[in-house]
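Q: Sequence below, structure please.
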Amino acid sequence: MQGAQRNSLRLLQWMMAASLALPIALFAIASTISYNSTVDIADREIERTLDVAHEHALKVFETIDRSLAELNEVVRDLPDDTIRSRESALHKRLKQLADALPQLKSAWIFDANGKALVNSLASPPPNQSFADRDYFYSHVDQSIGTFIGTVLTPRPPYQGARFFGVSRRRSSDDGSFIGVIQASVLPEYFESFYARIGSDPGSFFAMGRTDGVLLAQLPRLDRDFRLDPNGQVGRSIAAHPVHGLLTIAWPTDGLERRIGYRRVAGYPIYVSAGLETSAIRGRWLTTISQHLVFGLPATALLFILLAFAFRRTQHLQLEAAKRREAEEALKHSQRLEALGQLTGGVAHDFNNLLTVIRASVDLLNRPQLSEERRQRYITAIGEAVARAAKLTSQLLAFARRQTLKPEVFDVGERMRSLRDMLSTLLGPAIEIVTQLPAEPCLVSADAGQFETAMINMATNARDAMQGKGRIVFTVHAATSVPDTLAHLSGSQTLKNPGFICITVSDSGVGIPAGQLGRIFEPFFTTKQVGQGTGLGLSQVFGFARQSGGEVTVVSEVDQGSTFSLYLPRVPADLLPPSQAPTTAPAVAGSGMSVLVVEDNIELGNFAADGLTELGYSITLVDNATDALTELVSHADRFDVVFSDVVMPGMTGLDLAQAMCDRCISAPIVLTTGYSQALSQDGIAGFELVQKPYSIEELSRVLHRAARVKRVRDGAAE
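A: As a prediction, the model looks like this:
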């Protein structure tokens, strides 16, 4: 126990150190995982935003391209003079188009010299040439489809926001150049859209041509800018021309950003979306700070609690030890309650047995006794000794302090073996009826506790009948169980293995309804002072619950009571095979040397004389110390050692251990009537002869142990 206490204190010290080291390590790991997760989330947000920006740009340019195609169809095959003559109607149509599309500032139709035939801004248009604009001269020499120009400033007399041109070539039937159809697109339209979808701090958007010319950007850029094709962005686009994701210090302002880009399908345009890395780190720091807000106080509190627990552990361990002692005392008191019920009947039986033995000895001492009568008296003595040994073993099982181990046993067979004891316990005025099943009813429980429970319920029934009446013991497979066990089977109707029910019914005075709820409480009793401790039925309750079962009571005043004990049933194949009693005759010693160690000199002489008559060579000593001296001096002299367990000073178990430590090869056979050490720790692999023993039984065990030694030493018979 002291070692366990020291270990618990050491464990608390380690826990205090771990309460600091572990959170720090976990925080570092969590920080790394959180940062990677934050970056991954940011990348997914960038990808989703980029999808929106790409879809928006694609639809805008497709709409403009479609509008230009429609205008081209309207003026196809029309000479310039005809277009000028229809300028007023065409002006209205272009104005409706520009008003309908918020991304357009204006729409234009130019002749081959760059002069406006029609526009959406003024009617008639001024006589002014725009042949120097990129959206015009790009179409003069060849047909290039839809052209997207750079950002331009309006030329007087026109004014307003900057724009970039989207234009298509006007061609005659023979393919020659006759002019341009152009739409002026507002960069601020895209920037306003980006501002709506990019409300998070650090958001970034850009739209540019494949040659690096920026058309729109958020945050807004107050100057024209072209990306270096040999820069990081240019190299990334060259390596991954359709789509990419990179971290870069953006050239326009030098801020580091995580940026994704995508080519607009069918157009020489890229759209980009991104977040400043400082904003991403800010998100991560916010998350980590939340962990710290809760983690630091929790860690500090845990450390303080562990320190407090460390200081209180010794006191708590002392209290726990006292509680265990109290629990053991309660269990022992419950056993003693049953044992006390047995003492009167057992004393009566022992006196009867002693009377038989004493009378048989007196009759054996009479002269001229016939052989038939002599054998009858000897048989009577043997039977009386066997019954006394059985009573002694039962009393020791009830009285010992340690908790017995569960074992598989047949409840019906156990009740049959208990009937004689119950008859002695209850007295001749009580009629005992047992109703036992033909098939085995196996349970896995503490057999000693089970017998104690049966005795407690039987004595409770006897007291309820005031020593006269009828008690019925019934064992059967339960078909229904109390509500407290119903969840184990899923319903009130049980399937195998189910439960075994043992009922004890009496014809006593019954229990008042007001006392039924307290009947299993420790120290609650309805008996007079000095006639009961109130621990008997509480033992039954504790045994049932610890075994996974339940105990119930049904009673009415003047109608008797029925106690039902439910224990979990186990399959029949779990019952260990029973061993038949040994009835073989004694084995001759044939000169086998035996060292007998027995502190009771009368019992030692009895064993020595009996073995000597069977041909054994006997050396008798009365203590384990002298026996060890003999063994050390003459290690090969003895074929086997026969030792009592309970002796003053060195015990039989100590002697066996000392022989093992000194590599003495002689086997050892132990004997005892009862040993606390053996009941707790077992026989540690040694042969054991239970007192009282017969010379025939002892000779067989000694011969078997010595034969094992000869086989081990290579001299098999």
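Q: Give me the helices and strands touching the longest helix that the chain contains, please.
A: Criterion DSSP state H: the longest helix present in the chain is helix 277-364. Applying 3 or more Cβ pairs under 8 Å, 6 or more residues apart in numbering; DSSP states H and E, one finds that helix 277-364 makes contact with helix 2-75, strand 256-263, helix 371-399, helix 411-426, helix 447-464, helix 536-546. Backbone N, C-alpha and C define where each C-beta goes, glycine included.
Q: closest one to Arg700 among those?
A: Closest to Arg700 of these is helix 371-399 (Cβ to Cβ; 17.3 Å).
Q: Quick one: mean pLDDT for that closest one?
A: Looking at helix 371-399 alone, the average pLDDT works out to 72.
Q: one step back: return the most buried member of the helices and strands packed on helix 277-364.
A: Sort those by mean neighbour count, taking mean count of other Cβ atoms under 10 Å, and helix 447-464 sits at the top with a mean of 23.
Q: And that helix, what does it pack against?
A: Right, helix 447-464 is packed against helix 277-364, helix 371-399, strand 407-410, helix 411-426, strand 469-477, strand 499-506, helix 536-546, strand 561-568 by 3+ Cβ pairs under 8 Å, 6+ apart.
Q: for the stretch 451-600 of the chain, which spans come out with low pLDDT?
A: Low-confidence segments of the stretch 451-600 of the chain, defined by pLDDT under 70: 487-496, 522-535, 574-586, 589.
Q: quick check: angle from the longest helix of the chain to helix 536-546?
A: Interaxial angle of helix 277-364 relative to helix 536-546 (axes from the mean of the first three to the mean of the last three Cα atoms, to 10 degrees): 130 degrees.
Q: got the contact list for Ile378?
A: Shown in contact with Ile378 (Cβ atoms under 8 Å, 6 or more residues apart in numbering): Ser360, Leu364.
Q: before we move on, the earlier item: with distance to His91 added, can I get the helices and strands packed on helix 447-464 in JSON lines?
A: Formatted as JSON lines, those follow (distance: least, Cβ to Cβ, whole Å):
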{"stretch": "helix 277-364", "distance to His91": "48"}
{"stretch": "helix 371-399", "distance to His91": "118"}
{"stretch": "strand 407-410", "distance to His91": "106"}
{"stretch": "helix 411-426", "distance to His91": "110"}
{"stretch": "strand 469-477", "distance to His91": "104"}
{"stretch": "strand 499-506", "distance to His91": "99"}
{"stretch": "helix 536-546", "distance to His91": "99"}
{"stretch": "strand 561-568", "distance to His91": "99"}
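Q: So which of those is nearest Phe193?
A: Phe193 lies closest to helix 277-364 among these, at 20.3 Å (Cβ to Cβ).
Q: That closest one - what's its average pLDDT?
A: The predicted model assigns helix 277-364 a mean pLDDT of 74.
Q: Let's see stretch 360-373 as CSV, backbone CA atoms only.
A: Written as CSV, here are the backbone C-alpha positions of stretch 360-373 (Å, rounded to 0.1, in the frame of the first residue of the first chain):
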residue,chain,number,x,y,z
SER,A,360,-16.5,-45.6,19.8
VAL,A,361,-13.0,-45.2,21.5
ASP,A,362,-14.5,-46.4,24.8
LEU,A,363,-16.1,-49.4,23.2
LEU,A,364,-12.8,-50.2,21.3
ASN,A,365,-11.0,-50.4,24.6
ARG,A,366,-13.3,-53.2,26.0
PRO,A,367,-11.8,-56.7,26.1
GLN,A,368,-13.0,-59.6,24.0
LEU,A,369,-14.4,-57.2,21.3
SER,A,370,-15.6,-59.0,18.2
GLU,A,371,-14.0,-58.1,14.9
GLU,A,372,-17.3,-57.2,13.4
ARG,A,373,-18.0,-54.7,16.2
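Q: gap between it and the chain center?
A: 73 Å (Cα atoms, centre = their mean, to the nearest Å).
Q: Ok, stretch 49-66 next?
A: Distance of stretch 49-66 from the chain centroid (Cα atoms, centre = their mean) equals 54 Å.
Q: Give me the contact list for stretch 207-219.
A: By Cβ under 8 Å, 6+ apart, stretch 207-219 touches 53, 57, 148, 150-151, 164, 187-188, 190-191, 194-195, 198, 203-206, 221, 224-229, 234, 252-253, 263, 268-272.
Q: any idea of the angle the helix or strand hosting Lys105 forms with helix 2-75?
A: Element membership of Lys105 [criterion: DSSP states H and E] is strand 104-111. Using the same axes, to 10 degrees, the inter-axis angle of strand 104-111 relative to helix 2-75 is 40 degrees.
Q: Give me the mean pLDDT for strand 104-111.
A: Strand 104-111 carries an average pLDDT of 94.
Q: After it, which helix or strand is next?
A: According to DSSP H and E, the helix or strand after strand 104-111 is strand 116-119.
Q: List only buried entries from the contacts of stretch 207-219.
A: 53, 57, 148, 150-151, 164, 187, 190-191, 194, 198, 203-206, 221, 227, 263, 269-272 (16 or more other Cβ atoms under 10 Å).
Q: now, which of those lie within strands?
A: Judged by DSSP state E, the subset of these located in strands is 148, 150-151, 164, 203-206, 263, 269-272.
Q: Which of the helices and strands packed on helix 447-464 sits closest to Thr552?
A: Nearest of those to Thr552, taken as Cβ to Cβ: strand 561-568 at 5.0 Å.
Q: Give the pairing partners of the closest one; include direction for each.
A: strand 499-506 (antiparallel), strand 550-555 (antiparallel) (DSSP bridges).
Q: could I get it in CSV with only the CA atoms?
A: Coordinates of each C-alpha in strand 561-568 appear next as CSV, following Å, rounded to 0.1, in the frame of the first residue of the first chain:
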residue,chain,number,x,y,z
SER,A,561,-42.6,-13.5,2.3
THR,A,562,-40.9,-14.6,-0.9
PHE,A,563,-37.3,-13.4,-1.6
SER,A,564,-36.1,-13.9,-5.2
LEU,A,565,-32.4,-13.8,-6.0
TYR,A,566,-31.5,-13.4,-9.7
LEU,A,567,-28.1,-14.4,-10.9
PRO,A,568,-26.8,-14.3,-14.6
